[in-house]
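Engineer: let me see the structure of the following:
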Amino acid sequence: MSPPPPPFEALGSRPFSFYPAIANIEHNEWLFRKATWSEILVSNAKTGLDVWIPRRLIGEMSHVEDPVIIVGLLKELEYKAGAVWPCEKRVIEMPIAVGAPRPPSAPERIEPAPVINIRLESPTDSRILRLIGGTLAVGVLVYLGVWNYYREGPLRSRISYAVRDQSYLELTGHDDYYDVVRKLGSPSGDRWKPDAGELQYRALVYDDRGYVVILMGTDRKSATYIGTLDRNWSPVHSVQFRAGGNTFSMLRGLKRF
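Structural biologist: Numbering: from 1, shown residues only. Take a look at the predicted model:
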């Protein structure tokens, strides 16, 4: 909502004075110029100096114009650095006259001052700090647990075996049993998945290399390479299809045999 029109507009071009007068300005006669929501602009009638006065510091206005309209100020103001500021009253210590007695001073304390326990933080701040510390500690423990699991678990086995021998990367989806033997050598184990249904699965075990080569086909003669599993029976290599996708999900769902 728009603020109500300021009462200073009723002054028109009539001069007025502030009470108390603004310090550091000798002539206390002003003319109203314009007003905003938070300030009014006045101009000194003698010097032409323009000054913005905050509305929150302006009090009541007199209804008598004899000899001049008075506008009250809620605080004593002073003009400095091109603006008005609340006056700062400082206490000045008066010098002691020559020969005058010195004022009595406070008696000296003989016993030690009592020790007061000072809390540097509030109870709420302490609880927040403890909560943050506990959360960080739990996060570190969870991270160490997950890292240790994967370091000692299947990920470590998968990485160690895959890095030691990656000859299976030379195999393609067109390779049959004889192509695999030609590229990798004779397997240490050779077995077929029993009761495989319409699809036949063949596992060529290479213990010295640390992985198992899987062949698949509609019959045992047409079985070709579909991927390689590590000793934990986790896929480390799959075959890409021409239409998109690969055999990774098929290998991951294949039960050990």
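
Engineer: for stretch 40-53, C-alpha coordinates in CSV please.
Structural biologist: Extracted in CSV, the C-alpha atoms of stretch 40-53 (Å, rounded to 0.1, in the frame of the first residue of the first chain):
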residue,chain,number,x,y,z
ILE,A,40,12.0,14.4,3.9
LEU,A,41,14.2,16.9,2.0
VAL,A,42,14.5,20.4,3.5
SER,A,43,16.5,23.4,2.4
ASN,A,44,18.1,26.0,4.6
ALA,A,45,16.4,29.3,3.9
LYS,A,46,19.6,31.4,4.3
THR,A,47,22.4,29.1,2.9
GLY,A,48,20.4,26.9,0.5
LEU,A,49,21.9,23.8,2.1
ASP,A,50,19.7,20.7,1.3
VAL,A,51,19.5,18.1,4.0
TRP,A,52,17.6,14.7,4.2
ILE,A,53,15.9,14.1,7.5
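
Engineer: ok, residues contacting it?
Structural biologist: With contacts defined as Cβ atoms under 8 Å, 6 or more residues apart in numbering, stretch 40-53 is touched by 6, 8, 15, 22, 25, 27, 29-35, 39, 55, 58, 77, 79, 83-84. C-betas here are computed from N, CA, C, even on glycine.

Engineer: please repeat the previous calculation with a cut-off of 7 Å.
Structural biologist: Contact partners of stretch 40-53, identified using Cβ atoms under 7 Å, 6 or more residues apart in numbering, comprise 6, 8, 15, 25, 27, 29-34, 39, 55, 79, 83-84.

Engineer: so for that stretch, what's the average pLDDT?
Structural biologist: Across stretch 40-53, the average pLDDT comes to 93.

Engineer: stretch 141-159 now?
Structural biologist: In this model, stretch 141-159 has an average pLDDT of 63.

Engineer: can you map out the helices along the stretch 1-150 of the chain?
Structural biologist: 123-152 (DSSP state H, counting those that start in this stretch).

Engineer: where does pLDDT dip in it?
Structural biologist: For the stretch 1-150 of the chain, applying pLDDT under 70 flags the ranges 1-7, 89-125, 148-150.

Engineer: one more time with 80
Structural biologist: Along the stretch 1-150 of the chain, segments meeting pLDDT under 80 span 1-12, 63-67, 88-127, 145-150.

Engineer: neighbours of the closest residue in space to Gly59 that isn't next to it in sequence, just the number please.
Structural biologist: Nearest non-adjacent residue to Gly59, counting by Cβ to Cβ, 6 or more residues apart in numbering: Gly72, 3.4 Å away. Neighbour count for Gly72, taken as other Cβ atoms under 10 Å: 13.

Engineer: hang on, isn't Gly72 packed against Leu57?
Structural biologist: No - using Cβ atoms under 7 Å, Gly72 is not in contact with Leu57; the gap is 9.9 Å.

Engineer: Tyr177 - nearest residue in space that isn't next to it in sequence?
Structural biologist: In this structure, Tyr177 finds its nearest non-sequential neighbour in Leu215, 6.4 Å apart by Cβ to Cβ, 6+ apart.

Engineer: nope, Met61 is what I meant
Structural biologist: Once flanking residues are discounted, Met61 sits nearest to Val71: 5.2 Å by Cβ to Cβ, 6+ apart.

Engineer: ok, now how distant is the one you found from Gly59?
Structural biologist: In this view, Val71 and Gly59 are 8 Å apart by Cβ to Cβ, to the nearest Å.

Engineer: neighbour count: these two, which is higher?
Structural biologist: It is Val71, of Val71 and Gly59, that has more neighbours when counted by other Cβ under 10 Å, with 22 against 12.

Engineer: isn't the more buried one up against Glu60?
Structural biologist: No - in this structure Val71 lies outside contact range of Glu60 using Cβ under 7 Å: 8.1 Å.

Engineer: the residue nearest to Gly12 when sequence neighbours are not counted: what's it in contact with?
Structural biologist: Leaving out its chain neighbours, the residue that sits closest to Gly12 by Cβ to Cβ, 6+ apart is Phe32, at 7.6 Å. Applying Cβ under 7 Å, 6+ apart, we find Phe32 in contact with Phe8, Leu11, Val42.
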